[in-house]
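> Would you be able to build a 3D model of this:
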Amino acid sequence: MASSSATVPSALETPEIPLVDRGSGYKEGTALYLIRHGESLSNVYANIRAFDPNLTALGWAQALRVAEWMAAHAPLDVVVTSPLRRAFSTALAVAHAQGLSPVEVSGLEEFSHPYWEEMPVHHPTRPWWGRTDWEPSFEQAPSFVAFRDRVHQALGEILDRYRGQRIGVVSHGGTMGVITAAMVGSSHLSVWNHNTGISLFVWPEWQRWLTHYINRTEHLIGLDPEAYPRVAGATRGENGFWLLPDSLFAEEPALDPRLSYLANRLQRSNRILFLFPPDPYTPVRVSLRARRAIIVSTDLLALEAGEVRRALINANHIRFEYLFLPLPYPDGYFHYVVLGEDGRVPPEEIERVLAEDGQIIRVAP
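This is a model prediction of the structure:
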């Protein structure tokens, strides 16, 4: 009988990744930090049906905490983010703390259709019950496979574009789950990611991904959720979610005449900056005809109230960006600046970001 020998597969080609000494005792290439967004409106309120909800006040506080921790312990070369508001707002805080600007990457968005019913009982939460060799296929689990492949493609592009760098990826629980499963080589892994939880994977000199930690959250120690109460009048249901009061669905009082004039004059292409607006609702009501507005404020509760209002009136076309000082925008960037409180931004800085034919509107609180 003729003898046979097993064919030994050739080693897979790995990309050329620069290796540096970052103090770990070995040389490192790419460092991949996964960060979940802060608490969002849809995590909290049961009667809000926002296509793309933003952060709550607590979510912003969490974002600022993770930003501060990463600036001190995890310096980044680039921050990439899902385009969805809750991730982008978290990424703004993380990037701003390190002097960076977030880069939006399509494909990192959360899944839009529940796929749990496509999975057998042991997948993904109970792999030790029943068969564990099941692999999801398009025929058996089309929603999950489509979601997983979309995320994997985005991840591959990120790792290729920023190879050898320290990458922060801000996204969602489901997105982080399929990325984590891919990094550890499992199709059955189920991962719970806390709001602003951090995971780290490193490509070391021996050229296979090394898991440093998953769902790290010590930056949230001492953060008191009770310091960020829910929107006034909200009540808690039996399922733990909150219900917004009917009063929020009513119309607000008339706008200041100057702001009413501005709201009717705006064009879709206009960029508008609100510096410490006088109330949570003014930016929403003024910006209805614009596509982009930036709000600078340190009142996290007011930010949440404004985002709740935007969601309730389905103003999904407005993209607010909440930032803190200094203003990371180029000269002549804004067509309008609505100034709600003087003295907190130097006049020369306001003039710098105002377009040549732009307008400053001062509104007293």
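> Show me where the chain has its strands.
Secondary structure of the chain by DSSP state E: the strands cover 20-21, 27-36, 78-81, 103-104, 166-171, 198-204, 210-216, 235-236, 242-243, 271-275, 292-296, 319-323, 334-339, 354-362.
> list the buried ones in the second one?
Read that as strand 27-36. Buried residues in strand 27-36, counting neighbours by 16 or more other C-beta atoms under 10 Å, are found at 28-36. C-betas here are computed from N, CA, C, even on glycine.
> Closest to residue 138 out of those residues?
Out of those, the one with the shortest distance to residue 138 is residue 34. That distance is 25.6 Å, counting by C-beta to C-beta.
> and the closest one, what are its bridge partners?
Legend: beta-bridge partners of residue 34 under DSSP bridges are residue 169, residue 199.
> Let me have the buried residues of strand 27-36 in TSV, extended by distance to residue 85 and pLDDT.
Listed next are the buried residues of strand 27-36 as TSV, based on distance: C-beta to C-beta, whole Å; pLDDT from 0 to 100:
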residue	distance to residue 85	pLDDT
28	33	94
29	32	95
30	28	96
31	26	97
32	23	98
33	21	98
34	19	98
35	15	98
36	14	98
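> and these as JSON lines, adding distance to residue 240?
As requested, those are exported to JSON lines (distance: C-beta to C-beta, whole Å):
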{"residue": "28", "distance to residue 240": "42"}
{"residue": "29", "distance to residue 240": "43"}
{"residue": "30", "distance to residue 240": "39"}
{"residue": "31", "distance to residue 240": "36"}
{"residue": "32", "distance to residue 240": "33"}
{"residue": "33", "distance to residue 240": "30"}
{"residue": "34", "distance to residue 240": "26"}
{"residue": "35", "distance to residue 240": "25"}
{"residue": "36", "distance to residue 240": "19"}
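> quick one: which two of those are the most distant?
Checked with C-beta to C-beta, these reach their widest spread between 29 and 36, with 24.1 Å between them.
> Based on its surroundings, how many neighbours for residue 222?
Number of residues near residue 222 (other C-beta atoms under 10 Å) recorded here: 7.
> Check residue 46 too.
A count of neighbours around residue 46, defined by other C-beta under 10 Å, yields 15.
> That one against residue 237, yeah?
Yes - judged on C-beta atoms under 8 Å, residue 46 makes contact with residue 237 at a distance of 6.1 Å.
> got any residues that touch both of the two?
In the contact map built from C-beta atoms under 8 Å, 6 or more residues apart in numbering, the residues linked to both residue 46 and residue 237 are residue 243.
> quick check: domain ranges of the chain?
20-220, 257-362 (automatic domain parsing).
> ok, and for stretch 282-300, which residues are buried?
Buried-residue list, stretch 282-300, by 16+ other C-beta under 10 Å: 282-287, 290, 292-297, 300.
> Scan this structure for its longest helix.
Once the chain is assigned using DSSP state H, the helix that runs over the most residues is helix 142-161.
> In terms of secondary structure, what does it contact?
Helix 142-161 sits against strand 166-171, helix 173-184, with contacts defined as 3 or more C-beta pairs under 8 Å, 6 or more residues apart in numbering; DSSP states H and E.
> Nearest to residue 142, out of these?
The closest of the helices and strands packed on helix 142-161 to residue 142 is helix 173-184. By C-beta to C-beta, the value is 14.9 Å.
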